[in-house]
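Below: sequence and its predicted model.
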Amino acid sequence: MSTPSVTYHTIDGRNAGTWAVLITFILMTALGGLAAMYTEHNGHWVTGMTNHVVWGLPIVIAIFLIVSSTGCLNVASIGSVFGKQPYKPFGRLAGVTALAVQAGGLAILVLDLGRSDRIITFVTNLNPTSIFSLNVFLYSGFFIFVAFYLWTMMDGQRMDHLYRPAALLAFTWRLILTTGSGSIFGFMVSRSAYHSTLVAPLFIALSMSFGLAMYVLVMLWLNASTGRKYPSPELLRRLRILLGILVGVSLYFVVIHHLTNYYTAERRDVEKFLLFGDNVYVPLLWIGFGLIGSVIPMLMVLLPARTVGGAKLSLGVASALVVFGGQCFMYEFVVGGQAFPVELFPGKIVSSTFGDGVIAHYTPSIPEWLLVIGGYGVVGLIITVVIWALPMLPSSFAQETSDTAH
Amino acid sequence: MSESFEVSRRALLGGAVAFTAATLAPGVVLYARSSDEPATGAVRWGLLIDVNQCKGDCNACVEACNTEFGLVSHGRPDTDPQWVRKVTVTDPETGVSQSFPVMCQHCAHPPCADVCPTGASFRRADGIVLINRHICVGCRYCEMACPYKARNFVHENVTDQKPYAPRGKGTSEACTMCVHRIDEGRIPACVEACAASGRAAMLFGDLNDPNSDIAKRVAAVNSAQIRADLRTDPGVRYQGL
């Protein structure tokens, strides 16, 4: 930005509140680290995970965060790629939030591995046929491209000519990354709940709504804690409509995913289990995701609010509900899909000493909850440190509509 | 029936005999491979399990596997290792029930190897699907991707390890088809135990050798692969399923 009309600020590092927030995030991160060490020392039997439910709560939240992180970039992309001015001043914060959320998800993912110490083998022994190993490159690329995008936003004098290409690259990459995340499940022929070409676009849709909701929460948190008066009424109006639409699109994809599976006779059993069974996944899907995480927040943001304060409050509450519902969905999707037995002999009654033919049980253990808390700690810690060290927050909404503000 | 056969004999013959055969179980003739000789795709090791010969109350193959690899229970069935398990399958229409062992199916196109991010899961040229414990990161994606639920994760510390089959906490594992025995010209422990039990429901051999008993039997009788619709082409086949 050659003639910057929006000034950006850091947060006040001398403020006791900032320190309190920082220490809280450090403690959360430390708890996660301790939990990971405890599990690594004893083995995964101390978790709720088994040979039947091999991916538990940590993977659920890791995937939720990784998927959401790409959606956190929405606000930046809308401002840059799609040229919507009111969003532009918040591009920096969107980029930082995206990186932080992705880092939190990856931290959980890596620390949940059986051999986290061997993480380097992801690079030294890459298997090109594995969608998982391709994802490792997509994650790395996301960090590089979003960091570069941030650079073009922050160094307007030298990098202005690269701002839009960088924005396009980051936007394209986030679509590829979320496709990759969805394909980890979509390519899986072994489990009938997952194997579908719909999973990749489903994950893209989910990333849009979950990520935007997460970003809004960060923005409103900073709004409340720094005393800045944003978003502006105009951006607030746009964010409410956008969130409502994206939540609706996510809900549509989830409905069509389950309908498609239910329509197929060979998958009807697993769908009956997930949609109508006597298990925890049913309320998580219908009430957690469907009602609390989708319908209610859609109504909250799409119905007109009488005051600006009310609009802001309902947007915040709606975003929190979307984030809550998103985690409910991921739990239902990831754990529920494993709880239903692998069908070695479709249509037959199967039993064994290895859980064949029976619904697997899973209850998250304390180390798993702590690891998840640690992941959120990483997210908060990175955001706090970055906005403390670098000018990421626009001064006020009065300048938000500037054409030159990145 | 000699198990520790022929390595010394081959030394005496000065390598003049490339393949040394021994009858190890009824109708099974194998050859030993020297340690510097790579596995070859000319061979495809496989198993044929006669479901009608397998009895529901017999657990000889499972116990033999546990003994061979030092797999012990910690009293936690959901995380205890089970490389071979007896599965009972009942037709809901007819009520007909069958019981037989299921283990790694040693697929020609193993999904576990496809999804493994580090290549730790791999298929040897002779068809045996194995895990390189040194580069397995313990992501459990192979467990998710296996259509036969054949993979285990080592959930706790392991003791009394066998030098020919090291295990490691935090990594995945599965039936190796007793590759250490095969490379010595011996048959898998489960097949040996099944024969010793008098049932001889399991036949091991080279599916690519038309003169092998397993290839002859597969050519003569109807046999099936589990989830053949997935086209993974397992090396383990079932007769009478």
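Here it is on my side, so go on. For clarity, every value in this text was computed on a predicted model and none was experimentally measured. Numbering: from 1, shown residues only, chains lettered A, B, ... in the order given.

and A:L259, what element?
In the assignment (DSSP states H and E), A:L259 maps to helix A:233-263.

tell me the SS of the residue in chain A positioned nearest to chain B?
Distance from chain B to each residue of chain A (C-beta to the nearest C-beta) is smallest for A:G114, at 1.9 Å. Every C-beta, even on glycine, is put in place using the N, C-alpha and C of the backbone. Here A:G114 is recorded as coil under DSSP: H, G, I helix; E, B strand; the rest coil.

Pull the number of nearby residues for it.
A:G114: 23 surrounding residues under other C-beta atoms under 10 Å in any protein chain shown.

State the three-state secondary structure for the closest residue in space to it that isn't next to it in sequence.
Excluding the flanking residues, the one nearest A:G114 by C-beta to C-beta, 6 or more residues apart in numbering or on different chains is B:G138, at 1.9 Å. Following three-state DSSP, we place B:G138 in the coil state.

Just the pLDDT for B:G138.
B:G138 carries a pLDDT value of 97.

how close does it sit to A:V54?
Between B:G138 and A:V54 the distance is 10 Å, computed by C-beta to C-beta, to the nearest Å.

Please apply the same query to A:S225.
Distance of A:S225 to A:V54, computed by C-beta to C-beta: 40 Å.

count of neighbours near the residue nearest to A:F148 when sequence neighbours are not counted?
Counting by C-beta to C-beta, 6+ apart, the nearest residue to A:F148 once its immediate chain neighbours are dropped is A:A166, at 5.4 Å. With neighbours defined by other C-beta under 10 Å, the count for A:A166 comes to 20.

A:A166 against A:A147, yeah?
No: using C-beta atoms under 8 Å, A:A166 is not in contact with A:A147, being 9.8 Å away.

Work out for me the element the nearest residue to A:Y87 once chain neighbours are set aside sits within.
Once flanking residues are discounted, A:Y87 sits nearest to A:G79: 3.6 Å by C-beta to C-beta, 6+ apart. Using DSSP H and E, A:G79 sits within helix A:74-80.

residues contacting the most centrally placed residue in chain A?
Residue closest to the mean C-alpha point of chain A, counted by C-alpha atoms, centre = their mean, is A:S68 at 2.0 Å. Applying C-beta atoms under 8 Å, 6 or more residues apart in numbering or on different chains, we find A:S68 in contact with A:V101, A:G105, A:S207, A:F210, A:G211, A:A213, A:M214, A:V323, A:G326.

Do the helix or strand hosting the fifth one and chain B come into contact?
Pointing back at A:G211 there. For A:G211, the element it lies in under DSSP H and E is helix A:199-226. No: on the criterion C-beta under 8 Å from any C-beta of the partner chain, helix A:199-226 is out of touch with chain B, staying 13.5 Å away.

For that helix, buried residues please.
Of all the residues in helix A:199-226, those buried under the rule 16 or more other C-beta atoms under 10 Å in any protein chain shown are A:199-220, A:222-223, A:226.

Also stretch A:157-168?
A:M159, A:Y163, A:A166, A:A167.

hmm, who's touching the lengthiest helix in chain B?
Counting by DSSP state H, the longest helix found in chain B is helix B:60-69. Helix B:60-69 has contacts (C-beta under 8 Å, 6+ apart) with B:71-72, B:82-86, B:101, B:103, B:162, B:165, B:167, B:175, B:178, B:189-194, B:196-197, B:199, B:202.

hang on, B:T88 is in a strand, isn't it?
Yes: B:T88 sits within a strand when classified using three-state DSSP.

For it, give me its contacts.
Counted by C-beta under 8 Å, 6+ apart, B:T88 has contacts A:V350, A:S351, A:S352, B:G56, B:S97, B:Q98, B:S99.

pLDDT added to those residues, as a markdown table?
Converted to a markdown table, those look like this (pLDDT from 0 to 100):
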| residue | pLDDT |
| --- | --- |
| A:V350 | 97 |
| A:S351 | 97 |
| A:S352 | 96 |
| B:G56 | 87 |
| B:S97 | 96 |
| B:Q98 | 96 |
| B:S99 | 97 |
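
How many neighbouring residues does A:W19 have?
The number of residues packed near A:W19 is 12, by other C-beta under 10 Å.

That one: helix or strand, and which one exactly?
helix A:16-42.

Need the CA coordinates for whatever helix or strand comes next after that helix. PDB is fine.
Going down the chain from helix A:16-42, the next helix or strand is helix A:57-72, by DSSP H and E. C-alpha atoms of helix A:57-72 as PDB (Å, rounded to 0.1, in the frame of the first residue of the first chain):
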ATOM      1  CA  LEU A  57     -10.600 -37.100  19.900                       C
ATOM      2  CA  PRO A  58      -7.200 -35.600  19.200                       C
ATOM      3  CA  ILE A  59      -7.500 -36.500  15.500                       C
ATOM      4  CA  VAL A  60     -11.100 -35.200  15.500                       C
ATOM      5  CA  ILE A  61     -10.000 -31.800  16.700                       C
ATOM      6  CA  ALA A  62      -6.800 -31.800  14.700                       C
ATOM      7  CA  ILE A  63      -8.800 -32.300  11.500                       C
ATOM      8  CA  PHE A  64     -11.400 -29.700  12.600                       C
ATOM      9  CA  LEU A  65      -8.600 -27.100  13.200                       C
ATOM     10  CA  ILE A  66      -6.800 -27.900  10.000                       C
ATOM     11  CA  VAL A  67     -10.000 -27.700   7.900                       C
ATOM     12  CA  SER A  68     -11.100 -24.600   9.700                       C
ATOM     13  CA  SER A  69      -7.700 -22.900   9.200                       C
ATOM     14  CA  THR A  70      -8.200 -22.600   5.500                       C
ATOM     15  CA  GLY A  71     -11.600 -21.000   6.100                       C
ATOM     16  CA  CYS A  72     -10.000 -18.500   8.400                       C
END
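
count of neighbours near the residue of chain B found nearest chain A?
Relative to chain A, the nearest point of chain B is B:G138 (1.9 Å; C-beta to the nearest C-beta). The number of residues packed near B:G138 is 22, by other C-beta under 10 Å.

And the spatially most central residue of chain B, how far from B:G46?
Closest residue to the average C-alpha location of chain B: B:M177 at 2.5 Å, with C-alpha atoms, centre = their mean. As judged by C-beta to C-beta, B:M177 and B:G46 stand 9 Å apart.

so what sits against both of those two?
By C-beta under 8 Å, 6+ apart, B:M177 and B:G46 have these common neighbours: B:H106, B:G235.

so A:I63 makes contact with A:F329?
No: A:I63 is not in contact with A:F329 according to C-beta under 8 Å; the separation is 10.6 Å.

which of those two has more neighbours?
The residue with more neighbours, out of A:I63 and A:F329, is A:F329; 26 against 23, by other C-beta under 10 Å.

OK, contacts around that one?
Per C-beta under 8 Å, 6+ apart, neighbours of A:F329: A:L206, A:V254, A:L284, A:L285, A:G288, A:F289, A:G293.

Could you provide these in JSON lines, with additional columns for secondary structure and pLDDT?
Converted to JSON lines, those look like this (DSSP: H, G, I helix; E, B strand; the rest coil; pLDDT from 0 to 100):
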{"residue": "A:L206", "secondary structure": "helix", "pLDDT": "98"}
{"residue": "A:V254", "secondary structure": "helix", "pLDDT": "98"}
{"residue": "A:L284", "secondary structure": "helix", "pLDDT": "98"}
{"residue": "A:L285", "secondary structure": "helix", "pLDDT": "98"}
{"residue": "A:G288", "secondary structure": "helix", "pLDDT": "98"}
{"residue": "A:F289", "secondary structure": "helix", "pLDDT": "98"}
{"residue": "A:G293", "secondary structure": "helix", "pLDDT": "98"}
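
Among the contacts of B:T88, which one lies nearest to B:P38?
A:S352 (36.0 Å; C-beta to C-beta).

remind me which residues of the chain are low pLDDT?
You didn't say which chain, so I picked chain A. Scanning chain A with the threshold set as pLDDT under 70 gives A:1-5, A:230, A:396-406.

sorry, should have said chain B
Chain B contains residues with pLDDT under 70 at B:1-32.

for it, what spans make up the strands?
B:21-25, B:28-31, B:45-50, B:85-90, B:97-102, B:121-123, B:129-131, B:152-153, B:172-173, B:202-206, B:223-224, B:236-239 (DSSP state E).
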